[in-house]
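Asks: predicted model, plus sequence, below.
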There are 2 protein chains.
Amino acid sequence: METTKLVSEIRQKKSFLCIGLDTDLEKIPQHLLDTESPIFEFNKAIIDATHHLCVAYKPNIAFYEAHGLDGWKALKQTIDYLNQNYPNLFTIADAKRGDIGNTSGRYAKAFFEDLGFDSITVAPYMGRDSVEPFLDFKNKHTIMLGLTSNPGAFDFQTLSHNEEHLFESVIKTSQKWANADRLMYVVGATKAEHIKAIRTLIPDQFLLVPGVGAQGGSLSEVCRYGLNSNVGLLVNSSRGIIYASNGLDFADQAARKAKDIQLDMEALLS
Amino acid sequence: METTKLVSEIRQKKSFLCIGLDTDLEKIPQHLLDTESPIFEFNKAIIDATHHLCVAYKPNIAFYEAHGLDGWKALKQTIDYLNQNYPNLFTIADAKRGDIGNTSGRYAKAFFEDLGFDSITVAPYMGRDSVEPFLDFKNKHTIMLGLTSNPGAFDFQTLSHNEEHLFESVIKTSQKWANADRLMYVVGATKAEHIKAIRTLIPDQFLLVPGVGAQGGSLSEVCRYGLNSNVGLLVNSSRGIIYASNGLDFADQAARKAKDIQLDMEALLS
(Lines give C-alpha, C1' and ligand atoms only; values in the text may rest on other atoms or scores of the structure.)
Protein backbone atom coordinates (compact mmCIF):
# COMPACT_ATOMS: atom_id res chain seq x y z
CA MET A 1 0.00 0.00 0.00
CA GLU A 2 1.25 3.51 -0.83
CA THR A 3 1.61 5.90 2.09
CA THR A 4 -0.75 8.36 0.40
CA LYS A 5 -3.49 5.73 0.45
CA LEU A 6 -2.96 5.14 4.15
CA VAL A 7 -3.14 8.90 4.83
CA SER A 8 -6.31 9.21 2.81
CA GLU A 9 -7.92 6.35 4.74
CA ILE A 10 -6.97 8.07 8.01
CA ARG A 11 -8.52 11.37 6.86
CA GLN A 12 -11.69 9.69 5.71
CA LYS A 13 -12.24 7.62 8.86
CA LYS A 14 -10.92 10.31 11.23
CA SER A 15 -9.00 7.51 12.86
CA PHE A 16 -5.37 6.43 13.10
CA LEU A 17 -6.20 3.39 15.17
CA CYS A 18 -4.40 0.10 14.65
CA ILE A 19 -5.97 -2.94 16.29
CA GLY A 20 -3.54 -5.58 17.55
CA LEU A 21 -4.73 -9.12 16.86
CA ASP A 22 -2.84 -10.76 19.74
CA THR A 23 -5.29 -13.61 19.73
CA ASP A 24 -4.96 -15.94 22.69
CA LEU A 25 -6.97 -19.17 23.01
CA GLU A 26 -7.08 -18.70 26.77
CA LYS A 27 -8.77 -15.33 26.47
CA ILE A 28 -11.23 -15.67 23.60
CA PRO A 29 -14.87 -16.59 24.25
CA GLN A 30 -15.36 -20.25 25.07
CA HIS A 31 -18.04 -20.80 22.43
CA LEU A 32 -15.45 -20.25 19.69
CA LEU A 33 -13.26 -23.12 20.85
CA ASP A 34 -15.55 -25.66 19.20
CA THR A 35 -15.10 -24.13 15.73
CA GLU A 36 -12.58 -25.49 13.25
CA SER A 37 -10.29 -22.46 13.49
CA PRO A 38 -11.06 -20.56 16.72
CA ILE A 39 -8.29 -17.99 16.22
CA PHE A 40 -9.50 -17.08 12.75
CA GLU A 41 -13.18 -17.05 13.78
CA PHE A 42 -12.32 -14.64 16.58
CA ASN A 43 -10.25 -12.40 14.28
CA LYS A 44 -12.93 -12.41 11.60
CA ALA A 45 -15.62 -11.32 14.05
CA ILE A 46 -13.40 -8.58 15.49
CA ILE A 47 -12.46 -7.35 11.99
CA ASP A 48 -16.06 -7.32 10.75
CA ALA A 49 -17.14 -5.35 13.82
CA THR A 50 -14.31 -2.79 13.84
CA HIS A 51 -13.01 -2.26 10.27
CA HIS A 52 -14.81 1.08 9.87
CA LEU A 53 -13.23 2.46 13.06
CA CYS A 54 -9.57 1.66 12.43
CA VAL A 55 -7.07 1.90 9.57
CA ALA A 56 -4.76 -1.00 10.37
CA TYR A 57 -4.60 -4.49 11.87
CA LYS A 58 -1.49 -5.90 13.48
CA PRO A 59 -1.34 -9.62 14.27
CA ASN A 60 1.56 -10.33 16.61
CA ILE A 61 3.15 -13.37 15.01
CA ALA A 62 4.19 -14.96 18.33
CA PHE A 63 0.55 -15.65 19.17
CA TYR A 64 0.24 -17.65 15.95
CA GLU A 65 3.59 -19.42 16.07
CA ALA A 66 2.69 -20.58 19.57
CA HIS A 67 0.15 -22.88 17.91
CA GLY A 68 2.45 -24.34 15.26
CA LEU A 69 0.76 -25.42 12.05
CA ASP A 70 -2.73 -24.48 13.27
CA GLY A 71 -1.42 -21.06 14.18
CA TRP A 72 0.11 -20.50 10.75
CA LYS A 73 -3.11 -21.58 9.12
CA ALA A 74 -5.05 -19.07 11.23
CA LEU A 75 -2.56 -16.33 10.36
CA LYS A 76 -2.89 -17.07 6.66
CA GLN A 77 -6.70 -17.15 6.91
CA THR A 78 -6.66 -13.81 8.72
CA ILE A 79 -4.42 -11.95 6.26
CA ASP A 80 -6.25 -13.48 3.29
CA TYR A 81 -9.57 -12.40 4.77
CA LEU A 82 -8.27 -8.86 5.28
CA ASN A 83 -6.78 -8.58 1.79
CA GLN A 84 -9.88 -9.95 0.11
CA ASN A 85 -12.53 -8.07 2.06
CA TYR A 86 -10.87 -4.92 3.32
CA PRO A 87 -8.07 -4.04 0.89
CA ASN A 88 -7.97 -0.43 2.13
CA LEU A 89 -6.81 -1.50 5.56
CA PHE A 90 -3.08 -1.44 6.26
CA THR A 91 -1.70 -4.73 7.57
CA ILE A 92 1.28 -5.12 9.89
CA ALA A 93 3.05 -8.39 10.64
CA ASP A 94 4.38 -7.74 14.13
CA ALA A 95 7.28 -10.13 13.83
CA LYS A 96 10.33 -8.14 14.98
CA ARG A 97 12.57 -10.10 12.61
CA GLY A 98 16.18 -9.44 11.67
CA ASP A 99 19.03 -11.64 10.51
CA ILE A 100 22.03 -11.57 8.18
CA GLY A 101 21.22 -10.31 4.68
CA ASN A 102 20.38 -13.49 2.79
CA THR A 103 18.28 -14.69 5.72
CA SER A 104 16.36 -11.43 6.20
CA GLY A 105 15.51 -11.73 2.52
CA ARG A 106 13.69 -14.98 3.35
CA TYR A 107 11.63 -13.31 6.03
CA ALA A 108 10.78 -10.44 3.68
CA LYS A 109 9.58 -12.88 1.03
CA ALA A 110 7.54 -14.84 3.57
CA PHE A 111 5.68 -11.86 5.01
CA PHE A 112 5.45 -9.51 2.01
CA GLU A 113 4.99 -11.92 -0.91
CA ASP A 114 3.67 -15.20 0.41
CA LEU A 115 1.44 -13.87 3.18
CA GLY A 116 0.84 -10.48 1.56
CA PHE A 117 1.30 -8.11 4.49
CA ASP A 118 1.79 -4.39 3.78
CA SER A 119 4.44 -4.08 6.45
CA ILE A 120 6.54 -5.88 9.04
CA THR A 121 8.26 -4.86 12.26
CA VAL A 122 12.03 -5.47 12.36
CA ALA A 123 14.72 -5.32 15.05
CA PRO A 124 17.71 -3.05 14.37
CA TYR A 125 20.49 -4.76 16.37
CA MET A 126 22.14 -6.48 13.39
CA GLY A 127 22.33 -3.29 11.34
CA ARG A 128 22.03 -2.25 7.73
CA ASP A 129 22.31 -5.54 5.83
CA SER A 130 19.73 -7.14 8.13
CA VAL A 131 17.12 -4.49 7.23
CA GLU A 132 17.75 -3.53 3.61
CA PRO A 133 16.30 -6.78 2.19
CA PHE A 134 12.95 -5.65 3.62
CA LEU A 135 13.36 -2.14 2.15
CA ASP A 136 13.84 -3.59 -1.33
CA PHE A 137 10.09 -4.21 -1.63
CA LYS A 138 8.15 -1.43 -3.36
CA ASN A 139 4.90 -0.28 -1.72
CA LYS A 140 5.80 -2.30 1.37
CA HIS A 141 6.83 -0.75 4.67
CA THR A 142 9.46 -1.73 7.19
CA ILE A 143 8.72 -0.67 10.73
CA MET A 144 11.89 -0.60 12.79
CA LEU A 145 11.99 -0.78 16.57
CA GLY A 146 13.07 2.62 17.84
CA LEU A 147 12.05 3.10 21.46
CA THR A 148 9.78 0.33 22.65
CA SER A 149 7.00 0.50 25.21
CA ASN A 150 8.24 -2.16 27.64
CA PRO A 151 10.33 -1.72 30.84
CA GLY A 152 13.36 -3.36 29.16
CA ALA A 153 13.56 -0.41 26.74
CA PHE A 154 15.79 1.27 29.32
CA ASP A 155 18.36 -1.54 29.35
CA PHE A 156 19.99 -0.70 26.02
CA GLN A 157 17.86 1.66 23.91
CA THR A 158 18.59 4.65 26.13
CA LEU A 159 22.34 4.10 26.47
CA SER A 160 24.16 7.18 25.20
CA HIS A 161 26.95 7.45 22.64
CA ASN A 162 28.28 10.96 21.96
CA GLU A 163 25.29 12.40 23.84
CA GLU A 164 22.89 10.51 21.61
CA HIS A 165 20.66 7.70 22.83
CA LEU A 166 20.96 4.37 21.05
CA PHE A 167 17.39 4.70 19.74
CA GLU A 168 18.31 8.07 18.25
CA SER A 169 21.40 6.57 16.61
CA VAL A 170 19.21 3.79 15.23
CA ILE A 171 16.79 6.29 13.71
CA LYS A 172 19.49 8.63 12.35
CA THR A 173 21.66 5.90 10.90
CA SER A 174 18.80 4.01 9.30
CA GLN A 175 17.72 7.18 7.50
CA LYS A 176 20.85 6.79 5.35
CA TRP A 177 19.96 3.31 4.15
CA ALA A 178 18.58 2.47 0.72
CA ASN A 179 14.87 3.24 0.35
CA ALA A 180 14.67 4.80 3.82
CA ASP A 181 11.40 6.44 2.70
CA ARG A 182 9.86 3.00 3.19
CA LEU A 183 10.81 3.04 6.88
CA MET A 184 8.46 3.67 9.77
CA TYR A 185 9.45 3.39 13.45
CA VAL A 186 8.01 1.84 16.59
CA VAL A 187 7.91 4.36 19.44
CA GLY A 188 6.11 3.35 22.61
CA ALA A 189 3.28 5.52 23.94
CA THR A 190 4.78 5.07 27.39
CA LYS A 191 7.74 7.17 26.19
CA ALA A 192 5.73 10.17 24.92
CA GLU A 193 8.30 12.66 26.23
CA HIS A 194 10.82 11.30 23.71
CA ILE A 195 8.48 11.61 20.73
CA LYS A 196 9.25 15.33 20.47
CA ALA A 197 12.97 14.64 19.99
CA ILE A 198 12.19 11.85 17.55
CA ARG A 199 9.99 14.19 15.48
CA THR A 200 12.93 16.56 15.01
CA LEU A 201 14.92 13.64 13.56
CA ILE A 202 12.09 12.35 11.36
CA PRO A 203 9.41 15.01 10.91
CA ASP A 204 7.72 13.20 8.02
CA GLN A 205 7.76 9.51 8.81
CA PHE A 206 5.03 7.40 10.30
CA LEU A 207 5.35 6.18 13.86
CA LEU A 208 3.69 2.99 15.05
CA VAL A 209 2.82 3.63 18.67
CA PRO A 210 2.00 0.69 20.94
CA GLY A 211 1.42 1.00 24.65
CA VAL A 212 -1.81 3.00 24.80
CA GLY A 213 -4.31 1.22 27.03
CA ALA A 214 -3.15 -1.84 28.98
CA GLN A 215 0.46 -0.57 29.07
CA GLY A 216 -0.54 2.89 30.35
CA GLY A 217 0.41 5.35 27.57
CA SER A 218 -1.64 8.51 26.95
CA LEU A 219 -3.16 9.17 23.53
CA SER A 220 -3.26 12.96 23.94
CA GLU A 221 0.41 13.06 25.00
CA VAL A 222 1.36 10.98 21.97
CA CYS A 223 -0.58 13.32 19.69
CA ARG A 224 0.80 16.48 21.23
CA TYR A 225 4.33 15.51 20.19
CA GLY A 226 3.76 13.05 17.39
CA LEU A 227 1.15 14.43 14.96
CA ASN A 228 2.49 15.88 11.72
CA SER A 229 0.86 17.31 8.59
CA ASN A 230 0.10 13.79 7.31
CA VAL A 231 -1.04 12.69 10.79
CA GLY A 232 2.04 10.44 10.82
CA LEU A 233 0.81 8.18 13.60
CA LEU A 234 -0.65 4.72 13.88
CA VAL A 235 -1.65 4.14 17.48
CA ASN A 236 -2.13 0.52 18.43
CA SER A 237 -4.41 -1.01 21.00
CA SER A 238 -4.66 -4.78 21.39
CA ARG A 239 -5.95 -6.23 24.64
CA GLY A 240 -7.99 -3.15 25.54
CA ILE A 241 -10.14 -3.66 22.45
CA ILE A 242 -10.19 -7.33 21.54
CA TYR A 243 -10.76 -8.61 25.07
CA ALA A 244 -13.36 -6.02 26.08
CA SER A 245 -15.70 -8.96 26.72
CA ASN A 246 -15.29 -12.71 26.56
CA GLY A 247 -18.99 -13.38 26.21
CA LEU A 248 -21.19 -13.76 23.16
CA ASP A 249 -21.08 -9.97 22.74
CA PHE A 250 -17.27 -9.84 22.41
CA ALA A 251 -17.26 -8.31 18.92
CA ASP A 252 -19.82 -5.64 19.80
CA GLN A 253 -17.91 -4.73 22.93
CA ALA A 254 -14.67 -4.56 20.96
CA ALA A 255 -16.39 -2.19 18.52
CA ARG A 256 -17.59 -0.07 21.42
CA LYS A 257 -14.04 0.26 22.76
CA ALA A 258 -12.68 0.98 19.28
CA LYS A 259 -15.37 3.63 18.78
CA ASP A 260 -14.35 5.34 22.04
CA ILE A 261 -10.77 5.58 20.81
CA GLN A 262 -11.83 6.68 17.32
CA LEU A 263 -13.88 9.52 18.83
CA ASP A 264 -10.89 10.60 20.91
CA MET A 265 -8.78 10.54 17.77
CA GLU A 266 -11.35 12.54 15.82
CA ALA A 267 -11.29 15.21 18.53
CA LEU A 268 -7.50 15.29 18.58
CA LEU A 269 -7.32 15.59 14.78
CA SER A 270 -9.64 18.58 14.60
CA MET B 1 19.71 -30.65 27.64
CA GLU B 2 22.07 -29.98 30.56
CA THR B 3 25.30 -28.15 29.72
CA THR B 4 27.33 -31.02 31.22
CA LYS B 5 25.79 -33.40 28.69
CA LEU B 6 26.73 -31.08 25.84
CA VAL B 7 30.31 -30.84 27.13
CA SER B 8 30.55 -34.61 27.46
CA GLU B 9 29.33 -35.05 23.88
CA ILE B 10 31.96 -32.57 22.69
CA ARG B 11 34.71 -34.45 24.57
CA GLN B 12 33.60 -37.79 23.20
CA LYS B 13 33.31 -36.70 19.59
CA LYS B 14 36.30 -34.33 19.73
CA SER B 15 34.10 -31.88 17.93
CA PHE B 16 32.31 -28.65 18.75
CA LEU B 17 30.81 -28.35 15.31
CA CYS B 18 27.27 -27.10 14.81
CA ILE B 19 25.76 -27.64 11.39
CA GLY B 20 23.41 -24.96 10.16
CA LEU B 21 20.36 -26.36 8.39
CA ASP B 22 19.68 -23.29 6.21
CA THR B 23 17.86 -25.45 3.73
CA ASP B 24 17.05 -23.68 0.47
CA LEU B 25 14.92 -25.30 -2.25
CA GLU B 26 16.98 -23.49 -4.88
CA LYS B 27 20.20 -25.07 -3.69
CA ILE B 28 19.32 -28.64 -2.76
CA PRO B 29 19.75 -31.47 -5.26
CA GLN B 30 17.06 -31.51 -7.95
CA HIS B 31 16.14 -35.16 -7.39
CA LEU B 32 14.76 -34.31 -3.95
CA LEU B 33 12.21 -31.86 -5.33
CA ASP B 34 9.91 -34.71 -6.35
CA THR B 35 9.61 -36.04 -2.80
CA GLU B 36 6.71 -35.11 -0.55
CA SER B 37 8.83 -33.00 1.81
CA PRO B 38 12.06 -32.01 0.00
CA ILE B 39 13.35 -29.85 2.85
CA PHE B 40 12.95 -32.63 5.39
CA GLU B 41 14.38 -35.29 3.05
CA PHE B 42 17.44 -33.11 2.55
CA ASN B 43 17.86 -32.46 6.28
CA LYS B 44 17.39 -36.13 7.14
CA ALA B 45 20.09 -37.21 4.69
CA ILE B 46 22.49 -34.52 5.96
CA ILE B 47 21.81 -35.48 9.59
CA ASP B 48 22.23 -39.22 8.99
CA ALA B 49 25.54 -38.58 7.23
CA THR B 50 27.01 -36.09 9.73
CA HIS B 51 25.60 -36.76 13.19
CA HIS B 52 28.78 -38.49 14.42
CA LEU B 53 30.92 -35.49 13.41
CA CYS B 54 29.01 -32.65 15.05
CA VAL B 55 27.33 -31.93 18.38
CA ALA B 56 24.57 -29.57 17.31
CA TYR B 57 22.18 -28.70 14.50
CA LYS B 58 20.83 -25.22 13.92
CA PRO B 59 17.91 -24.72 11.52
CA ASN B 60 17.56 -21.05 10.66
CA ILE B 61 13.83 -20.51 11.01
CA ALA B 62 13.62 -17.96 8.17
CA PHE B 63 14.34 -20.70 5.63
CA TYR B 64 11.30 -22.61 6.92
CA GLU B 65 8.95 -19.66 7.37
CA ALA B 66 9.69 -18.69 3.77
CA HIS B 67 7.63 -21.75 2.76
CA GLY B 68 4.65 -21.12 4.99
CA LEU B 69 2.77 -24.21 6.14
CA ASP B 70 5.01 -26.60 4.21
CA GLY B 71 8.03 -24.98 5.80
CA TRP B 72 6.63 -25.37 9.31
CA LYS B 73 5.84 -29.00 8.60
CA ALA B 74 9.41 -29.57 7.45
CA LEU B 75 10.76 -27.83 10.55
CA LYS B 76 8.62 -29.99 12.81
CA GLN B 77 9.64 -33.14 10.95
CA THR B 78 13.29 -32.16 11.30
CA ILE B 79 13.25 -31.44 15.02
CA ASP B 80 11.14 -34.55 15.71
CA TYR B 81 13.59 -36.66 13.71
CA LEU B 82 16.52 -35.24 15.66
CA ASN B 83 14.88 -35.70 19.05
CA GLN B 84 13.78 -39.24 18.29
CA ASN B 85 16.93 -40.54 16.64
CA TYR B 86 19.76 -38.43 18.00
CA PRO B 87 18.74 -37.22 21.46
CA ASN B 88 22.36 -36.47 22.40
CA LEU B 89 22.59 -33.76 19.79
CA PHE B 90 22.00 -30.18 20.88
CA THR B 91 19.35 -28.36 18.86
CA ILE B 92 19.24 -24.63 18.20
CA ALA B 93 16.27 -22.74 16.75
CA ASP B 94 17.99 -19.84 15.04
CA ALA B 95 15.04 -17.49 15.31
CA LYS B 96 16.46 -14.26 16.79
CA ARG B 97 13.17 -13.55 18.51
CA GLY B 98 12.39 -10.90 21.13
CA ASP B 99 9.24 -9.03 22.10
CA ILE B 100 7.51 -7.62 25.18
CA GLY B 101 7.30 -10.07 28.05
CA ASN B 102 3.94 -11.79 27.52
CA THR B 103 4.73 -12.15 23.82
CA SER B 104 8.25 -13.52 24.27
CA GLY B 105 6.64 -16.12 26.51
CA ARG B 106 4.65 -17.30 23.47
CA TYR B 107 7.80 -17.71 21.41
CA ALA B 108 9.48 -19.60 24.26
CA LYS B 109 6.55 -22.00 24.49
CA ALA B 110 6.49 -22.51 20.72
CA PHE B 111 10.17 -23.35 20.35
CA PHE B 112 10.97 -25.03 23.68
CA GLU B 113 7.76 -26.91 24.45
CA ASP B 114 5.83 -27.45 21.25
CA LEU B 115 8.74 -27.97 18.88
CA GLY B 116 11.14 -29.27 21.55
CA PHE B 117 14.32 -27.34 20.75
CA ASP B 118 17.10 -27.25 23.36
CA SER B 119 17.83 -23.61 22.66
CA ILE B 120 16.84 -20.52 20.72
CA THR B 121 18.66 -17.40 19.56
CA VAL B 122 17.20 -14.10 20.80
CA ALA B 123 17.76 -10.42 20.02
CA PRO B 124 18.66 -8.12 22.96
CA TYR B 125 17.32 -4.74 21.80
CA MET B 126 14.12 -4.84 23.88
CA GLY B 127 15.96 -5.70 27.11
CA ARG B 128 15.35 -7.76 30.20
CA ASP B 129 11.62 -8.49 30.08
CA SER B 130 11.91 -9.58 26.45
CA VAL B 131 14.49 -12.25 27.33
CA GLU B 132 13.59 -13.53 30.80
CA PRO B 133 10.55 -15.55 29.60
CA PHE B 134 13.02 -17.71 27.66
CA LEU B 135 15.32 -18.04 30.70
CA ASP B 136 12.45 -19.42 32.78
CA PHE B 137 12.76 -22.80 31.08
CA LYS B 138 14.93 -25.32 32.95
CA ASN B 139 17.47 -27.28 30.89
CA LYS B 140 16.82 -24.98 27.95
CA HIS B 141 19.32 -22.41 26.70
CA THR B 142 18.86 -18.88 25.46
CA ILE B 143 21.50 -17.73 23.01
CA MET B 144 21.61 -13.95 22.87
CA LEU B 145 23.05 -11.96 20.00
CA GLY B 146 26.28 -10.38 21.23
CA LEU B 147 28.51 -9.41 18.31
CA THR B 148 27.21 -10.81 15.05
CA SER B 149 29.21 -11.91 12.00
CA ASN B 150 27.63 -9.62 9.39
CA PRO B 151 28.82 -6.20 8.13
CA GLY B 152 25.89 -4.47 9.86
CA ALA B 153 27.35 -5.49 13.24
CA PHE B 154 29.34 -2.23 13.11
CA ASP B 155 26.25 -0.03 12.77
CA PHE B 156 25.13 -0.28 16.39
CA GLN B 157 26.80 -3.17 18.25
CA THR B 158 30.15 -1.40 18.41
CA LEU B 159 28.84 2.01 19.49
CA SER B 160 30.49 2.97 22.78
CA HIS B 161 28.88 4.10 26.02
CA ASN B 162 31.26 4.93 28.88
CA GLU B 163 34.10 3.32 26.92
CA GLU B 164 32.15 0.10 26.60
CA HIS B 165 30.82 -1.23 23.30
CA LEU B 166 27.10 -1.90 23.08
CA PHE B 167 27.75 -5.64 22.69
CA GLU B 168 29.79 -5.57 25.92
CA SER B 169 26.97 -3.74 27.72
CA VAL B 170 24.55 -6.36 26.40
CA ILE B 171 26.69 -9.18 27.76
CA LYS B 172 27.43 -7.52 31.13
CA THR B 173 23.87 -6.39 31.77
CA SER B 174 22.29 -9.69 30.79
CA GLN B 175 24.54 -11.49 33.26
CA LYS B 176 22.46 -9.88 36.03
CA TRP B 177 19.16 -11.28 34.79
CA ALA B 178 17.32 -14.22 36.36
CA ASN B 179 18.78 -17.59 35.40
CA ALA B 180 21.69 -16.01 33.51
CA ASP B 181 23.47 -19.37 33.76
CA ARG B 182 21.12 -20.50 31.00
CA LEU B 183 22.50 -17.82 28.66
CA MET B 184 24.90 -18.38 25.81
CA TYR B 185 25.98 -15.69 23.34
CA VAL B 186 26.37 -15.37 19.59
CA VAL B 187 29.79 -14.01 18.69
CA GLY B 188 30.78 -13.99 15.03
CA ALA B 189 33.96 -15.74 13.89
CA THR B 190 34.65 -12.69 11.73
CA LYS B 191 35.17 -10.73 14.97
CA ALA B 192 37.77 -13.07 16.54
CA GLU B 193 39.81 -10.16 17.94
CA HIS B 194 36.88 -9.26 20.21
CA ILE B 195 36.47 -12.77 21.59
CA LYS B 196 39.38 -12.21 23.99
CA ALA B 197 37.61 -9.24 25.61
CA ILE B 198 34.35 -11.17 25.70
CA ARG B 199 36.06 -14.08 27.49
CA THR B 200 37.14 -11.75 30.29
CA LEU B 201 33.47 -10.80 30.77
CA ILE B 202 32.12 -14.36 30.54
CA PRO B 203 34.93 -16.88 31.06
CA ASP B 204 32.57 -19.80 31.59
CA GLN B 205 29.72 -19.41 29.17
CA PHE B 206 29.24 -21.05 25.82
CA LEU B 207 29.63 -18.99 22.66
CA LEU B 208 27.84 -19.88 19.47
CA VAL B 209 30.17 -18.79 16.68
CA PRO B 210 28.81 -18.39 13.16
CA GLY B 211 30.85 -17.03 10.28
CA VAL B 212 33.50 -19.73 9.79
CA GLY B 213 33.56 -20.78 6.14
CA ALA B 214 31.45 -18.83 3.63
CA GLN B 215 31.64 -15.65 5.74
CA GLY B 216 35.44 -15.86 6.11
CA GLY B 217 36.12 -16.39 9.85
CA SER B 218 39.12 -18.43 11.04
CA LEU B 219 38.62 -21.47 13.27
CA SER B 220 42.08 -21.31 14.82
CA GLU B 221 41.66 -17.60 15.67
CA VAL B 222 38.32 -18.32 17.29
CA CYS B 223 39.86 -21.12 19.35
CA ARG B 224 42.91 -19.11 20.39
CA TYR B 225 40.69 -16.60 22.19
CA GLY B 226 37.52 -18.53 22.80
CA LEU B 227 38.32 -21.98 24.18
CA ASN B 228 37.84 -22.45 27.93
CA SER B 229 38.16 -25.41 30.27
CA ASN B 230 34.78 -26.76 29.13
CA VAL B 231 35.61 -26.00 25.50
CA GLY B 232 32.87 -23.34 25.67
CA LEU B 233 32.43 -23.03 21.92
CA LEU B 234 29.94 -24.19 19.34
CA VAL B 235 31.26 -23.26 15.91
CA ASN B 236 28.67 -23.22 13.18
CA SER B 237 29.05 -23.91 9.50
CA SER B 238 26.03 -23.96 7.20
CA ARG B 239 26.50 -23.46 3.47
CA GLY B 240 30.10 -24.74 3.46
CA ILE B 241 28.88 -28.15 4.61
CA ILE B 242 25.34 -28.69 3.43
CA TYR B 243 25.91 -27.42 -0.12
CA ALA B 244 29.26 -29.14 -0.67
CA SER B 245 27.60 -30.87 -3.63
CA ASN B 246 24.18 -30.66 -5.24
CA GLY B 247 24.43 -34.05 -6.90
CA LEU B 248 23.35 -37.48 -5.75
CA ASP B 249 26.43 -37.56 -3.48
CA PHE B 250 25.39 -34.43 -1.52
CA ALA B 251 25.21 -36.15 1.87
CA ASP B 252 28.57 -37.89 1.44
CA GLN B 253 30.20 -34.65 0.38
CA ALA B 254 28.64 -32.83 3.33
CA ALA B 255 30.08 -35.53 5.62
CA ARG B 256 33.49 -35.09 4.01
CA LYS B 257 33.42 -31.33 4.68
CA ALA B 258 32.20 -31.90 8.24
CA LYS B 259 34.96 -34.46 8.80
CA ASP B 260 37.58 -31.92 7.66
CA ILE B 261 36.33 -29.44 10.24
CA GLN B 262 36.03 -32.10 12.94
CA LEU B 263 39.67 -33.09 12.38
CA ASP B 264 40.74 -29.44 12.63
CA MET B 265 38.78 -29.20 15.87
CA GLU B 266 40.33 -32.39 17.24
CA ALA B 267 43.79 -30.94 16.57
CA LEU B 268 42.88 -27.63 18.21
CA LEU B 269 41.45 -29.38 21.27
CA SER B 270 44.57 -31.47 21.92
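Replies: Sure thing, it's come through.
Asks: mind listing the helices for the stretch 151-270 of chain A?
Replies: Shown for the stretch 151-270 of chain A, the helices assigned by DSSP state H, counting those that start in this stretch span residues A:153-156, A:166-174, A:192-201, A:219-226, A:239-242, A:250-269.
Asks: turn those helices into CSV, columns for mean pLDDT, distance to A:Val212 and mean neighbour count.
Replies: All C-beta spots, glycine's among them, are computed from the backbone N, C-alpha and C. What follows is these, written out as CSV (pLDDT from 0 to 100; distance: least, C-beta to C-beta, whole Å; neighbours: other C-beta atoms under 10 Å in any protein chain shown):
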stretch, mean pLDDT, distance to A:Val212, mean neighbour count
helix A:153-156, 96, 16, 22
helix A:166-174, 97, 19, 21
helix A:192-201, 91, 10, 16
helix A:219-226, 95, 5, 18
helix A:239-242, 95, 8, 22
helix A:250-269, 98, 8, 18
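Asks: take these and write them to a markdown table, including distance to chain B.
Replies: Listed next are the helices of the stretch 151-270 of chain A as a markdown table, based on distance: least, C-beta to the nearest C-beta, whole Å:
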| stretch | distance to chain B |
| --- | --- |
| helix A:153-156 | 3 |
| helix A:166-174 | 6 |
| helix A:192-201 | 15 |
| helix A:219-226 | 17 |
| helix A:239-242 | 9 |
| helix A:250-269 | 19 |
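Asks: Serialize the ones you listed to a markdown table and add fields for distance to B:Phe167.
Replies: A markdown table is the format used below for the helices of the stretch 151-270 of chain A (distance: least, C-beta to C-beta, whole Å):
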| stretch | distance to B:Phe167 |
| --- | --- |
| helix A:153-156 | 10 |
| helix A:166-174 | 12 |
| helix A:192-201 | 24 |
| helix A:219-226 | 31 |
| helix A:239-242 | 34 |
| helix A:250-269 | 40 |
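Asks: closest to A:His31 out of these?
Replies: helix A:250-269 (9.5 Å; C-beta to C-beta).
Asks: what packs against the closest one?
Replies: Applying 3 or more C-beta pairs under 8 Å, 6 or more residues apart in numbering or on different chains; DSSP states H and E, one finds that helix A:250-269 contacts strand A:17-21, helix A:38-50, helix A:219-226, strand A:233-237, helix A:239-242.
Asks: the fourth one pairs with which strands, and in what direction?
Replies: It refers to strand A:233-237. strand A:17-21 (parallel), strand A:207-209 (parallel) (DSSP bridges).
Asks: now render those strands as JSON lines, adding mean pLDDT.
Replies: Compiled in JSON lines, the strands paired with strand A:233-237 are given as follows (pLDDT from 0 to 100):
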{"stretch": "strand A:17-21", "mean pLDDT": "98"}
{"stretch": "strand A:207-209", "mean pLDDT": "97"}
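Asks: can you redo those as TSV with mean neighbour count?
Replies: Shown next, in TSV, are the strands paired with strand A:233-237 (neighbours: other C-beta atoms under 10 Å in any protein chain shown):
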stretch	mean neighbour count
strand A:17-21	26
strand A:207-209	26
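Asks: quick one: closest of these to B:Gly71.
Replies: Closest among the strands paired with strand A:233-237, using C-beta to C-beta: strand A:17-21, at 21.7 Å.
Asks: and the contacts of the closest one?
Replies: Here strand A:17-21 makes contact (C-beta atoms under 8 Å, 6 or more residues apart in numbering or on different chains) with A:43, A:46, A:50, A:53-60, A:63, A:78, A:90, A:92, A:94, A:208, A:210, A:234-239, A:241-242, A:258, A:261-262, A:265.
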